[in-house]
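Visitor: coords please:
(chains A, B and C)
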Amino acid sequence: MSRIDPNDKGSILAPLKNLQFFGRKAVTESLDPRPASANYRGFHLNDWEACIGCSTCQKVCDNAAITMAEVPGLPEDPEKGVRNLRPAIDYGRCCWCALCVDLCPTGSISLSREYVHTCTDPELDSYFVLPDSSGIHGVAYDKGWAKHAESDMVALERTDMPELAPEARIGNFDEIVDGYDRNQGIIEASRCVQCGMCHDACPTHMNAPEYIRAIWQDDIEEAVRQIYRTNPFAHTCGRVCTHRCETACSVGHRGEPIAIRWLKRFAMDQLSHERVKQIAAEGRQSSPSGQRIAIIGAGPAGLTAAYDLAMQGHAVKVFEAMGAAGGMTRYGIPYYRLPADKLDNDVDVITSLGVEIQYDTRVGTDVTMEQLRDDYDAVLIAVGLWMGRSTRVRGADAEGVHRAVELLRKVADGESIPVPKRAVIIGGGNVAMDIARTLARLQKRKHGQVAITLTALEDIDHFLADPDEIREAREEGVEILDARGPQEVMLDGQGRATGLRTLKVLSIFDGQGRFAPKFDDADELVHDGDMVVEAIGQAADVNLLGEALTEELEWQRGRLRVDEQLRTSADWLWAAGDMVRGPDVVSAVADGHRAAASIHDHLMISEQAA
Amino acid sequence: MTKGKELSTWLDKVLSELEGIEFRRKSSRRLRVDVAADALPALLELLRGRASYVHLSAISCVDWPDDGAFELVYHVWSYELQSLVSAHTRIPREPGVYISVYDIYTPAAFFERDIHEMFGVYFEGSPDMSKFILTEWDGPPPMRKDFDSEAWVNDHFDWQDYNPEWLKEIVAQGGGIAIRPDEQRFSRK
Amino acid sequence: MRPENYETQRQPPSHEYELNIGPNHPGIEGNYAFKLRLHGDEVIEGRADAGYLHRGFEKLMEGRLWIQNLAITPRICVPDPVPMEISYCLAVEDLCGLEVPERAKWLRVLQAELSRLAAHLFTFGGHAATTGMYTPMFWGMADRDLILDLFEELCGGRVYHIYNIPGGVRRDMPPGFIERVSNTIDYLESRLPDYDNLMFRNRVFVKRARGVGVISQQHALDWAVTGPNLRATGLAFDVRRDDPYLVYDQLDFDIVTEDAGDAWARALVRRKELFESIKIIRQVLAKLPEIEGPIRCPIPNPLAWNVPAGSTYVRMESSKGELAWYVVSNGGEKPYRTHVRGPSQMHAVQVLEKLSVGCRIEDVAQIMFSLDACPPEVDR
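Guide: Numbering: from 1, shown residues only, chains lettered A, B, ... in the order given. This is a model prediction of the structure:
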């Protein structure tokens, strides 16, 4: 700068210099209206198609400016993680920080390039706005501050789960997934935005937001406490749950959902078994009710009901046909997914509450339903689905054709099964994957190599199996052929299976949505295999009911008919689990709770009446 | 700056010889000293008089009700050494009385008045303990942890009630306000 | 009308009277009262009275998540919000051990200096207005607006930028931003001679400002005066150079000093600092294209973010002087305590009360503005 001398008296003509300003543009000239800058944080826009009503914006709002309003007519689907709530903004409180934009899981919220809003009515009502994508004044302004990779604060990436490499796991039944260590668990838990979509989607409505937050706070005991509020099959579900919670997770809309299942497993693995037992028994009714309940089947549904009823002080006896408890989780799920000792822990927690399990007792043969009805105040039947369904194609009853559930049961029970050089599996669900991968392990051991072909009606995008299962099966060398319909089991001279002939599937359902597959006769394949395994579904073995009772009870499409409270048409008998619900562990657990609640209510009412 | 280095070494030596003082260098420009309440004025006099820490940057007060203590932190800066000493001391929360350091550092008057007003700590010998910011406030000192300002606000003020057209419409269709903001203030959890 | 907290020991004698300036008045950038006891037009005693703005920010911050406080920080000093944001972020980063990417540091310097320009232009206008000259006021505000345009482009907000977050900044520069900043500062530099002629070579301003509100260097040190007010007493101290943060140790700039210690010297220091800031911005603009890389480091989910227990004292040079934050975490998801030390806490209270004694009533407003005190810093 030129030197400034405070004593400089200056020229008397100096003011004349100012005449130059007549020739210059004024600095304080008025501006025409213009849109704000491309990043401007103006008024909220919300894309209602993308918004899922998770209310994360409301949680991060510094000024409590956001109210969630229920808008009738919008989609609401807990299983997909969609609610009909939309944020309404109080512009008397909003400070335009745009944290709601940066933390929005779906990216539906943005701020417009609009500068001015002022209140016109005396009640200030125009300051309370339910934004949609049309703008606060219905005038289309562009998006200003919107979701951008740089400013996105949603933790989209899941903490990698360490697991055995395919080469390391193929020759054995060791558990594949390592589980998180403490640090990984806390980091994964910290990604959660606590929207509770998981809770709504879960069949048994687990308090996932609560236990995830407890894990993040490094309070494992509280996490386990929250888990046991709704699910005594904690180890099991922490490993093999179908995790619908993760499908609904709001973070999953743009990123990877929170590993809710692995976090449950993490919490359970962190705490000693003895402490888990203490926590699970908290709040147990100390005085016996004097009521006795018989439960048939020591699977997830039966034992969950047993847990609840024992907590309420009832005497529970469980009749189990097999030599160990767990039902399908023990005899259907291979050890590499669910190690037996973890299942033992779950069962032990339940038996430690005084639940008695009588093993190797088949109801119908060793004890009859009528005896149970007479000896107990209520009976719950939860026997699961143990009979494999057959495709009934030509040759399906030949030697060398097996049902997946039966093979899996034998493997779990330690019995030996024939190990084929080449096997063909029919089916695209989790059971199909289980048997394919079990056989792959046995083949590797016996023959040194894996040779398995899996064929399914569905195309690969509509497989019923978990995507992880499909990926892992492929990694282990299972050849997966989708959209192939089984036509015939090929036989050799002795009537033994040598392979399977399939046709390309054109469609599975007809116009009315009925199962009526159509095939392309020109596209035919024959898959060689000295074993063919059918894994297309299971049915319940209901012979135990006996003829009289079968006659007496009401049925619906081959299943026992039950009402909302899982009561059958007989007032002493409830039914729950896979046999009424279809195969799914966590749904069975949910059923167990429901049945237990219904039985408890029933017993309390009859007690009062008596 | 050899003189500075000498002074700094000297200071480390003196501090290590003083009893009841813990000190930790966080970086070349940041020194944390923990000192008993009765020794603090002497330490400040030493820092100002002998070690060139002439600038009192601030006095911070932290309320630790679980420990029954107020923590007072005196941040002093030396223009010569270019280093900042944070001297931490704790005084009992009750009666919450301490000695003014106004005679050592003139600017303490403002900070002490501020702390008195916000935390209720009385500084004996401070020139002015009269109200400054909270002129019309007769409640408890608001910066104390046991004063819940949000509860106070909710007791004294109403939330703005709005009833705009869009809300009337969705209420007529069976919808309406589902989660109010105060029900889900995340920071309140 | 007598203010509530004006505690007179005795009834004033008849030749003395009281005058309450404020809370709204030309002497300051916010609501702030100054209560005078006068003898004729000479000030016998001045008492600063804050509390008209108090929002309890420090208390509010204890009740909000670490990230939610970002929206509060710039509001502590409206004319110069950027250093508030940055220093809060620096404190959190220090507690968390976050490593801020290089590019973010340079972007922060860019903002801090743009903000200093805007704040000094604002103060110029205000200072000149207190002497009855309104043209610098209009010019200062209009030129400041050009900087706010830049902030709007960069941050999405003109005044409350909320652009810094712990770990870096929220967005990178928009395309063409460097050029536009460059054009704006070229223009501002071309305006400096106009300001010189308008104010510093203006007999009215010189007469009014010289010798008013004199602070000696010793008094400045005793009263913890900082920033341009301290440098106007001849002491070359600047946190940017003497306690460097961000990348100020890599930048070439001068510490401007003046010796007179009066209102004139303080205005002149600010005027010269405009040029230094322009110099710094040019260096940053030249450097930014060379620095590739992210603009922030990964941070946890804001809804589940515990900051490790500890305390930190972070200092910055704002346009008004030494700005510091003392932040304490108890390991939780909210700050346990935040204490803002704004430079105006000294300038607007003790220093102002001392300087006003003996001056004439028409100079009070000028002394206040020449100290560049910011009431929200006192009244945080």
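Visitor: With adjacent residues omitted, what lies nearest to residue B:173?
Guide: Nearest non-adjacent residue to residue B:173, counting by CB to CB, 6 or more residues apart in numbering or on different chains: residue A:72, 4.3 Å away. Yep, even glycine has a C-beta here, placed from its N, CA and C like the rest.
Visitor: now residue A:599: how far from chain C?
Guide: Distance, residue A:599 to chain C, using CB to the nearest CB, to the nearest Å: 40 Å.
Visitor: Contact partners for that residue?
Guide: For residue A:599, the contacting residues are A:293, A:305, A:309, A:378, A:380, A:574, by CB atoms under 8 Å, 6 or more residues apart in numbering or on different chains.
Visitor: The last one bridge partners, please.
Guide: The one in question is residue A:574. Assessed by DSSP bridges, residue A:574 has beta-bridge partners residue A:380, residue A:567.
Visitor: a strand runs through the residue nearest to residue B:173, doesn't it?
Guide: No. Remark: residue A:72 does not belong to a strand; assigned using DSSP: H, G, I helix; E, B strand; the rest coil, it is coil.
Visitor: Tell me how many other residues crowd residue 14.
Guide: This is for chain A. As a burial measure, residue A:14 scores 13 neighbours (other CB atoms under 10 Å in any protein chain shown).
Visitor: meant chain B actually
Guide: Counted with other CB under 10 Å, residue B:14 comes out at 15.
Visitor: mind checking the longest helix of the chain?
Guide: This is for chain A. helix A:585-609 (DSSP state H).
Visitor: Sorry, I should have been clearer: chain B.
Guide: helix B:2-17.
Visitor: residues in contact with that helix?
Guide: With CB under 8 Å, 6+ apart as the test, helix B:2-17 has contacts from B:21, B:23, B:33, B:46, B:47, B:51, B:52, B:80, B:81, B:82, B:83.
Visitor: Any of those residues buried? List them.
Guide: Buried members of the contacts of helix B:2-17, scored by 16 or more other CB atoms under 10 Å in any protein chain shown, are B:21, B:23, B:33, B:47, B:51, B:52, B:81, B:82, B:83.
Visitor: so the residue nearest to residue B:173 touches residue B:170, yeah?
Guide: Yes. The criterion here is CB atoms under 8 Å, and residue A:72 meets it with residue B:170 at 6.4 Å.
Visitor: ok, the two, which is more surrounded?
Guide: Higher neighbour count among residue A:72 and residue B:170: residue B:170, with 19 against 14, using other CB under 10 Å.
Visitor: Tell me who's in contact with that one.
Guide: A:69, A:70, A:71, A:72, A:130, B:176.
Visitor: Near chain C, which residues of the stretch 251-400 of chain A are found?
Guide: Contact residues, the stretch 251-400 of chain A versus chain C (CB under 8 Å from any CB of the partner chain): none.
Visitor: so who does the one residue in the stretch 251-400 of chain A that gets nearest to chain C touch?
Guide: Closest contact between the stretch 251-400 of chain A and chain C, by CB to the nearest CB, is at residue A:251 (9.0 Å). Shown in contact with residue A:251 (CB under 8 Å, 6+ apart): A:105, A:154, A:155, A:156, A:191, A:192, A:193, A:257, A:258.
Visitor: which one is the fourth one nearest to, not counting chain neighbours?
Guide: The spatially closest residue to residue A:156, leaving aside those adjacent along the chain, is residue A:255, at 2.7 Å (CB to CB, 6+ apart).
Visitor: List phi and psi for residue A:539.
Guide: Residue A:539 has phi and psi values of phi -130, psi 160 when expressed as degrees, to the nearest 10.
Visitor: Which pLDDT value goes with it?
Guide: On the pLDDT scale, residue A:539 is placed at 86.
Visitor: Same question for residue C:9.
Guide: Looking at residue C:9, its pLDDT reads 50.
Visitor: Domain map for chain C?
Guide: Domains of chain C are assigned by automatic domain parsing as C:1-54, C:57-344.
Visitor: where in the chain is pLDDT low?
Guide: This is for chain A. Scanning chain A for pLDDT under 70 picks out A:1-3, A:6, A:8-10, A:610.
Visitor: meant chain C, my bad for not saying
Guide: Across chain C, the ranges flagged by pLDDT under 70 are C:1-14, C:26-27.
Visitor: quick one, strands of it?
Guide: For chain C, the strands defined by DSSP state E cover C:16-21, C:33-39, C:42-49, C:164-165, C:168-169, C:310-318, C:321-329, C:337-341.
Visitor: what residues does the fourth one touch?
Guide: Contacts made with strand C:164-165 from outside it, assessed by CB under 8 Å, 6+ apart, are listed as C:67, C:70, C:82, C:85, C:86, C:88, C:89, C:108, C:111, C:170, C:296, C:299.
Visitor: Can you report how many residues neighbour the last one?
Guide: For residue C:299, the neighbour count with other CB under 10 Å is 19.
Visitor: which residues sit in contact with the closest residue to it other than its chain neighbours?
Guide: Of all residues not flanking residue C:299 in the chain, residue C:167 sits nearest, at 4.5 Å (CB to CB, 6+ apart). Counting by CB under 8 Å, 6+ apart, residue C:167 touches C:89, C:93, C:98, C:100, C:104, C:296, C:297, C:298, C:299.
Visitor: So which of those residues wins on neighbours?
Guide: When neighbours are taken as other CB under 10 Å, the top entry among the contacts of residue C:167 is residue C:89 (27 neighbours).
Visitor: pretty sure that residue contacts residue C:166?
Guide: Yes. Taking CB under 8 Å as the definition, residue C:89 is a contact partner of residue C:166 at 4.9 Å.
Visitor: Distance-wise, check the nearest residue to residue C:132 once chain neighbours are set aside relative to residue C:210.
Guide: Nearest non-adjacent residue to residue C:132, counting by CB to CB, 6+ apart: residue C:204, 7.5 Å away. Using CB to CB, to the nearest Å, residue C:204 is found at 11 Å from residue C:210.
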